[in-house]
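In: show me how the following folds:
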Amino acid sequence: MVAGELILTAMSIPLSAFQIAGGIVLFLFALTMIFGESKPEEEVRLIGDHHETAIFPLAVPSIASPGAMLAAVLLTENARYSIAEQAQTYGVLLAVLILTCGLMLLAGPINRLIGNSGASVVSRVMGLILSSVAMTNLLTGLETYFALE
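Out: Take a look at the predicted model:
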């Protein structure tokens, strides 16, 4: 969040191009959620032994996904948002991380409650919502990049 805009500026990448690329990557991720194998089934398939701990870091790329990075960079754009607004963004991101931590700690009981089929349905519905967010980012980036406002 702190260096994102500086890195893009140093590389002469406009924020709108980053928004377009982020929208495309986010859309591809959403498509795997909608049409691909659902996360719980995929993770169960990857675990050969219940003592295998390498499976747990697989959730980390979903938390620090391209969409999350895109949002962090766009919501802390220096020319658009004041320091107070950027501090609010930091606070909201911290709250989301705390909520995510709580939900990950409760993942076992939640999965037992909704079951694998419920988790699959939730994954597909969230994939559809995520694809809508991705298209919004893509279209907004295109509009900004080509000055179609």
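
In: mind listing what's buried along stretch 119-128?
Out: 119, 120, 122, 123, 127 (16 or more other CB atoms under 10 Å). For the C-beta atoms, the positions are set from N, CA and C on the backbone; glycine is no exception.

In: can you redo those residues as JSON lines with pLDDT?
Out: Below are those laid out as JSON lines (pLDDT from 0 to 100):
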{"residue": "119", "pLDDT": "87"}
{"residue": "120", "pLDDT": "88"}
{"residue": "122", "pLDDT": "90"}
{"residue": "123", "pLDDT": "87"}
{"residue": "127", "pLDDT": "91"}
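
In: narrow those to those in helices?
Out: Of the buried residues of stretch 119-128, the ones assigned to helices by DSSP state H are 119, 120, 122, 123, 127.

In: returning to what we had before: next, format the buried residues of stretch 119-128 as a markdown table and append distance to residue 24.
Out: Shown next, in a markdown table, are the buried residues of stretch 119-128 (distance: CB to CB, whole Å):
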| residue | distance to residue 24 |
| --- | --- |
| 119 | 27 |
| 120 | 25 |
| 122 | 24 |
| 123 | 21 |
| 127 | 15 |
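
In: just the closest of the ones in helices among the buried residues of stretch 119-128 to residue 141, please.
Out: residue 127 (20.7 Å; CB to CB).

In: does the closest one touch residue 34 like I think?
Out: Yes - counting by CB atoms under 8 Å, residue 34 is a contact partner of residue 127 at 3.9 Å.

In: what about residue 19, how many neighbours?
Out: Look at residue 19: counted by other CB atoms under 10 Å, it has 24 neighbours.

In: so residue 23 touches residue 131, yeah?
Out: No - the pair residue 23 / residue 131 is not scored as a contact, 10.0 Å apart, by CB under 8 Å.

In: helices and strands around the helix or strand where residue 110 lies, which ones?
Out: Per DSSP states H and E, residue 110 falls inside helix 107-145. Judged by 3 or more CB pairs under 8 Å, 6 or more residues apart in numbering; DSSP states H and E, helix 107-145 is in contact with helix 15-35, helix 39-46, helix 66-74.

In: what's the angle between that helix and helix 66-74?
Out: Going by axes from the mean of the first three to the mean of the last three CA atoms, to 10 degrees, helix 107-145 is angled at 50 degrees with respect to helix 66-74.
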